[in-house]
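Participant: Mind folding the following:
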Amino acid sequence: MLKWSISTASLGGTLEAKLMAVAKAGFRAVELFENDLTFFNGSPRDVRRMAEGLGLEIVALQPLRDFEAMPEPQRARNLERASRKLDLMDELGTRLLCVCSNVAPEALDGVERAAADLALLADRAQARGLRIGYQALAWGTHVREWTQAWDIVRLADRPNLGLVLDSFHTLVRNGPIETISSLPGDRIALVQIADAPALVMDPMSLSRHHRCFPGQGDWPIEPFLEAVVRTGYSGPVSLVIFNDQFRGASVSGIALDGMRSLELCGEALRRAHPSVTVPATPSGAPMPPPAQVRGIEFVEFASGGKEAGRLAKLLEGLGFARAGHHRSKDIDLYRQNDVNIVVNRETDSFAHSFFLVHGTSVCAMALRFDEPERALERANALGSSTYYGRIGQGETLIPAIAGIENSLIYFVPAPGARSGPSIWERDFVPLGPTVPGPLTRIDHFSNVVRRGEFLTWLLFYKAMFGFVSEPQIELADPYGALSSRVVRSRDGQIRIPLNVAEGGSTAAVSFMGAFGGAGIQQIALETANLLDFVERARDRGVSFLDIPKNYYEDLGARFDIPAPALERMRELNVLYDRGQAGGEFFHAYTATFEDRFFFEIVERRNYDLFGAANTPVRLAAQANARAASSFEVLARTL
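Facilitator: Here you go, the predicted model:
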């Protein structure tokens with residue numbers, strides 16, 4: 001059976017904090033990075049006792065650097081240094097020492113010299129009942145590919161000397177994956193895995209700063225592991241991550257992310273190889289496959305006071321009708337076709353606590369599932385606890401889990417999966433018939449997140465709901481830069497851009513300042529005729545974002561838009577993009593509500609993207625609006 005492991009190098013903080021977080025996340029094995037031992041204020045035996053007390057096996061000590069194929073007198077000193085490592089392993093209670101290929105410029109070329117040195121080290125380890133694993137570093141002086149390392153291991157020919165296979169060092173050099181499956185599994189000493197983004201960067205810089213967990217990057221980790229499984233290997237699979245953001249983040253959160261990433265790997269391996277045995281989830285319960293997500297049932301705003309009135313006016317201006325009021329709580333339902341927006345003013349509630357911290361804002365959303373019970377079981381197996389709010393007699397009990405900034409994600413049955421009345425029929429008093437309007441569905445919504453949580457939430461949506469991700473894009477903000485990566489349901493019905501910004505005055509950073517954290521900044525709603533919609537909404541008092549007029553001069557130069565149509569778009573502040581296949585995209589943005597959120601209204605004509613070319617324009621327009629608002633406030637105080 002494979003065994004999930006993680007290197008202490010993957011986490012920030014003290015060794016004590018790392019080991020406790022690793023154990024709490026459900027790991028039963030850990031690689032000890034030697035720097036962590038060096039900085040530990042205690043003996044190696046203390047580390048051993050601490051690990052054993054937490055139920056952790058130290059599966060390897062890493063790494064012994066610049067050892068093999070050195071000229072004298074460095075060679076003799078290296079052998080003495082290695083002997084001390086073996087002594088240390090006895091105290092730690094670990095049986096495997098990882099040796100990485102030499103990166104010293106004075107290292108000698110030739111597999112014979114390297115094999116002889118490793119054979120000598122293996123013999124010394126054998127006398128103590130220990131093992132040696134040899135790994136190719138992508139920037140090694142002479143040995144950079146796993147195939148080279150394997151040639152040296154074979155030539156050394158020692159039963160306790162094996163190959164350490166590392167996905168990062170293999171994939172960063174586009175090394176062969178399929179031929180891994182031809183290796184004898186009993187000669188693989190350890191498997192280490194790390195993902196990485198598709199950045200053009202030298203391997204050492206990419207390795208030291210941008211590694212990430214499987215599922216957070218762009219590399220083919222699943223084919224790598226499938227090739228490993230075909231060898232018959234059944235030992236530890238260990239996460240070895242060097243990432244600046246991880247070291248500065250919550251150690252318990254990063255450890256949990258690591259476990260979730262490995263559980264996704266295990267799920268993929270079971271699909272490809274049903275006979276493979278992977279570790280159970282930390283809870284011991286089997287992890288159900290993702291339930292099919294069928295759409296968004298509702299978006300819930302926490303609000304109160306005068307802001308609640310202004311929000312209601314904005315929703316009505318967008319064509320929503322107040323369709324129902326909760327039977328026992330101060331909650332209104334605003335509806336337009338299949339789009340449900342809940343405004344929660346209840347003072348004895350989670351929503352009110354959220355409102356006190358964040359102001360009027362999205363505090364929850366509900367997803368429709370074909371099997372909500374199974375979806376909730378999966379979330380629980382992946383470490384998310386179930387939340388139930390206060391309900392009245394006869395009302396619907398809706399389970400939820402925590403999302404971004406402790407907002408809630410509710411689990412509700414899709415219309416075809418319900419066996420009784422809907423939550424709207426059971427919990428709300430209708431206030432009149434639903435009037436069809438021009439807005440037909442929620443097209444997407446964007447999450448603004450902290451830089452250090454960007455990868456966490458990417459993995460969260462993929463693990464919990466089986467979402468997939470699209471390539472990351474970088475966009476310009478007048479005061480910095482914006483990085484965006486979309487996660488979406490497999491059928492594309494739910495799409496969530498995850499946005500993070502650099503720069504103290506960017507739109508995303510300004511949102512987090514006004515909101516008091518990360519959260520939903522934008523809700524995009526689809527209509528069939530955007531120009532007519534904006535005209536009517538504006539007549540009902542909705543303010544839309546002013547787009548710089550020069551944008552339309554450029555737009556007319558890039559696309560053959562008839563002058564009257566272009567002038568109407570300019571007058572209504574509507575943006576436009578055209579796809580390569582001729583599809584068209586029209587979109588407009590409402591003015592930002594209390595600097596916290598805004599609506600985007602979109603019209604798609606055979607166009608499936610997000611109009612990224614217009615994002616810098618939107619960000620500049622919002623920056624202009626913030627500056628104008630600040631100037632007005634300043635003028636009133638003078």
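Participant: any chance you could read off phi and psi for Arg488?
Facilitator: Main-chain torsions, Arg488, degrees, to the nearest 10: phi -150, psi 160.
Participant: Who does it form a beta bridge with?
Facilitator: Beta-bridge partners for Arg488, by DSSP bridges, are Val468, Arg495.
Participant: Asp443 versus that one, what's the distance?
Facilitator: 11 Å (C-beta to C-beta, to the nearest Å). Backbone N, C-alpha and C define where each C-beta goes, glycine included.
Participant: got it, and Ala122?
Facilitator: For Ala122, the distance to Asp443 - C-beta to C-beta - is 60 Å.
Participant: more neighbours, these two?
Facilitator: Ala122 (24 against 21; other C-beta atoms under 10 Å).
Participant: which ones are touching that one?
Facilitator: Ile132, Ala156, Arg158, Asn160, Leu161 (C-beta atoms under 8 Å, 6 or more residues apart in numbering).
Participant: By neighbours, which of the residues you listed wins?
Facilitator: Busiest of the contacts of Ala122 [other C-beta under 10 Å] is Ile132, holding 29 neighbours.
Participant: Would you confirm that that one contacts Leu97?
Facilitator: Yes. Using C-beta atoms under 8 Å, Ile132 is in contact with Leu97, at 5.5 Å.
Participant: tell me which residues in stretch 425-440 are buried?
Facilitator: For stretch 425-440, the buried set under the neighbour-count rule, 16 or more other C-beta atoms under 10 Å, comprises Asp427, Phe428, Gly437, Pro438, Leu439.
Participant: Which two among those are spaced furthest apart?
Facilitator: Using C-beta to C-beta, these reach their maximum pairwise distance at Asp427 and Pro438, which is 27.2 Å.
Participant: Just the ones of the buried residues of stretch 425-440 in helices?
Facilitator: Among the buried residues of stretch 425-440, DSSP state H puts Asp427 in helices.
Participant: Kindly reformat the buried residues of stretch 425-440 as TSV containing distance to Tyr410.
Facilitator: Converted to TSV, the buried residues of stretch 425-440 look like this (distance: C-beta to C-beta, whole Å):
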residue	distance to Tyr410
Asp427	12
Phe428	15
Gly437	24
Pro438	27
Leu439	21
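Participant: Which one of the buried residues of stretch 425-440 is nearest to Gly383?
Facilitator: Gly383 has its nearest neighbour among the buried residues of stretch 425-440 in Asp427, at 29.7 Å by C-beta to C-beta.
Participant: shouldn't the closest one be in contact with Leu397?
Facilitator: No. Between Asp427 and Leu397 there is no contact under C-beta under 8 Å: 10.4 Å.
Participant: anything in contact with each of Arg488 and Asp443?
Facilitator: Common contacts of Arg488 and Asp443 (C-beta under 8 Å, 6+ apart): Arg495.
Participant: Low-confidence regions, the stretch 251-400 of the chain specifically.
Facilitator: Along the stretch 251-400 of the chain, the parts satisfying pLDDT under 70 run over 283-285.
Participant: Which stretches in it count as helices?
Facilitator: Counting by DSSP state H, counting those that start in this stretch, the stretch 251-400 of the chain has helices at residues 251-272, 305-317, 350-358, 372-381.
Participant: Only alpha carbons, please: show the last one as CSV.
Facilitator: The C-alpha coordinates for helix 372-381 follow below in CSV (Å, rounded to 0.1, in the frame of the first residue of the first chain):
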residue,chain,number,x,y,z
PRO,A,372,-26.2,16.6,-1.7
GLU,A,373,-25.7,14.0,1.0
ARG,A,374,-22.8,12.4,-0.9
ALA,A,375,-21.3,15.8,-1.6
LEU,A,376,-21.4,16.7,2.1
GLU,A,377,-19.9,13.3,3.0
ARG,A,378,-17.0,14.1,0.7
ALA,A,379,-16.5,17.5,2.2
ASN,A,380,-16.4,16.0,5.7
ALA,A,381,-13.9,13.3,4.5
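Participant: Count the neighbours of the closest residue in space to Ile241 that isn't next to it in sequence for me.
Facilitator: What sits nearest to Ile241 in space, not counting adjacent residues and going by C-beta to C-beta, 6 or more residues apart in numbering, is Ser10, at 3.9 Å. Ser10 is flanked by 28 other residues according to other C-beta under 10 Å.
Participant: where does the protein dip in pLDDT?
Facilitator: Segments of the chain classed as low confidence (criterion: pLDDT under 70) are 283-285, 629-638.
Participant: 80 instead, please
Facilitator: Scanning the chain with the threshold set as pLDDT under 80 gives 280-286, 391-394, 418-419, 432-435, 501-504, 629-638.
Participant: Closest to the centroid, which residue in it?
Facilitator: Centroid-nearest residue in the chain, with C-alpha atoms, centre = their mean: Leu458, separated by 1.9 Å.
Participant: which residues touch Asp443?
Facilitator: Counting by C-beta under 8 Å, 6+ apart, Asp443 touches Arg495, Ala524, Leu525, Glu526, Glu600, Val602, Arg604.
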